[in-house]
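A.B. asks: Next one to model:
(one chain, ligands or ions: 2)
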Amino acid sequence: MNSIKKGLLKLVIVMSLGVGSFANGAVIESVTWNGSEYLLLTKTNDWFDAELEAVSLGGHLVTINDQDEQDFLWGYWGGNGSSTNNVGFSENIWIGLNDIDAEGVWVWTSGETSTYTNWASSEPNNGHGTGEHVVHIWHNRNDGTWNDINSDLISYAIVERSIQVQVSAPSSIIVFMAIIGALFIRRTSTR
Ligand SMILES: [Ca+2]
Ligand SMILES: [Ca+2]
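C.D. replies: Ligands and ions are numbered 1, 2, ... in the order given. Prediction:
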């Protein structure tokens, strides 16, 4: 196999894995609400890996913009949520809020600006000695409230992505293969 063919094969593999498909098979369930799609990820990621996986899925860790969104998510996947995939009261769930860049300046990984917060009482406390710069929905309070925490916990996570960004894998691959096919025919016909 020549190097061009090898490169094309690699591209096809990357395309088929990376576009419109779920990375690592780690999505438990998806649900749509109010213009967004939410994906619940398995309990396999620290905060940074969870955000990386969210990006690979075409979104970010969830931005919870208001009480309605908080209530929907906690009511669906929270401790006693209505989904059969609710995480249970003993589990934490990563969200996109963090103050990694500047202590006490809370921002969302999506870049959205939202003033809504749902901190547990006495939080955020920047505890743990070395500080706490990322946020989860905290099992400790059993009510969906948030806590700042160290990033290396392995936890569930919720990804949010726009419904519009979804690209179906089969159609994208068909388009990609058609382009490659046309280029290949052109190349061989001009020899
Ligand atoms: Ca949101
Ligand atoms: Ca804390």
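
A.B. asks: Following element in sequence after the lowest-mean-pLDDT helix or strand in the chain, please.
C.D. replies: Taking mean pLDDT, DSSP states H and E as the measure, the chain has helix 3-18 as its least confident helix or strand, at a mean of 39. Next in sequence after helix 3-18, counting helices and strands by DSSP states H and E, comes strand 27-33.

A.B. asks: Given that following strand, what are its sheet partners and their directions?
C.D. replies: The partner list of strand 27-33 in its sheet, established with DSSP bridges, is strand 36-45 (antiparallel).

A.B. asks: is any part of the very next helix or strand once past the partner strand close to ligand 1?
C.D. replies: Once the chain leaves strand 36-45, the next helix or strand it forms, by DSSP H and E, is helix 47-56. No: taking C-beta under 5 Å from the ion as the criterion, helix 47-56 and ligand 1 are apart, separated by no less than 12.4 Å. Using the backbone N, CA and C atoms, a C-beta is placed for each residue, glycine as well.

A.B. asks: Alpha carbons only: can I get helix 47-56 in PDB?
C.D. replies: The C-alpha trace of helix 47-56 is given here as PDB (Å, rounded to 0.1, in the frame of the first residue of the first chain):
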ATOM      1  CA  TRP A  47     -12.800  16.700  34.900                       C
ATOM      2  CA  PHE A  48     -10.300  17.400  32.100                       C
ATOM      3  CA  ASP A  49     -11.000  14.100  30.300                       C
ATOM      4  CA  ALA A  50     -14.700  14.600  30.600                       C
ATOM      5  CA  GLU A  51     -14.400  18.000  28.900                       C
ATOM      6  CA  LEU A  52     -12.100  16.500  26.200                       C
ATOM      7  CA  GLU A  53     -14.600  13.800  25.600                       C
ATOM      8  CA  ALA A  54     -17.400  16.400  25.500                       C
ATOM      9  CA  VAL A  55     -15.500  18.400  22.800                       C
ATOM     10  CA  SER A  56     -15.000  15.200  20.800                       C
END
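
A.B. asks: Is the helix or strand following it in proximity to ligand 1?
C.D. replies: Tracing the chain past helix 47-56, the next element assigned as helix or strand by DSSP H and E is strand 60-61. No: shown here: strand 60-61 not in contact with ligand 1 (C-beta under 5 Å from the ion), separated by at least 9.5 Å.

A.B. asks: Would you mind listing what in this protein touches ligand 2?
C.D. replies: Residues of the chain found near ligand 2 (C-beta under 5 Å from the ion) are 123, 125, 127, 132, 147-148.

A.B. asks: If we use 8 Å, what do you get?
C.D. replies: Along the chain, the residues adjacent to ligand 2 under the rule C-beta under 8 Å from the ion are 123-128, 132, 147-149.

A.B. asks: Not counting residues beside it along the chain, what's closest to the spatially most central residue of the chain?
C.D. replies: Closest to where the C-alpha atoms of the chain average out (C-alpha atoms, centre = their mean) is residue 54, at 2.5 Å. Using C-beta to C-beta, 6 or more residues apart in numbering and skipping residues adjacent in sequence, the residue nearest residue 54 is residue 159, 4.1 Å away.
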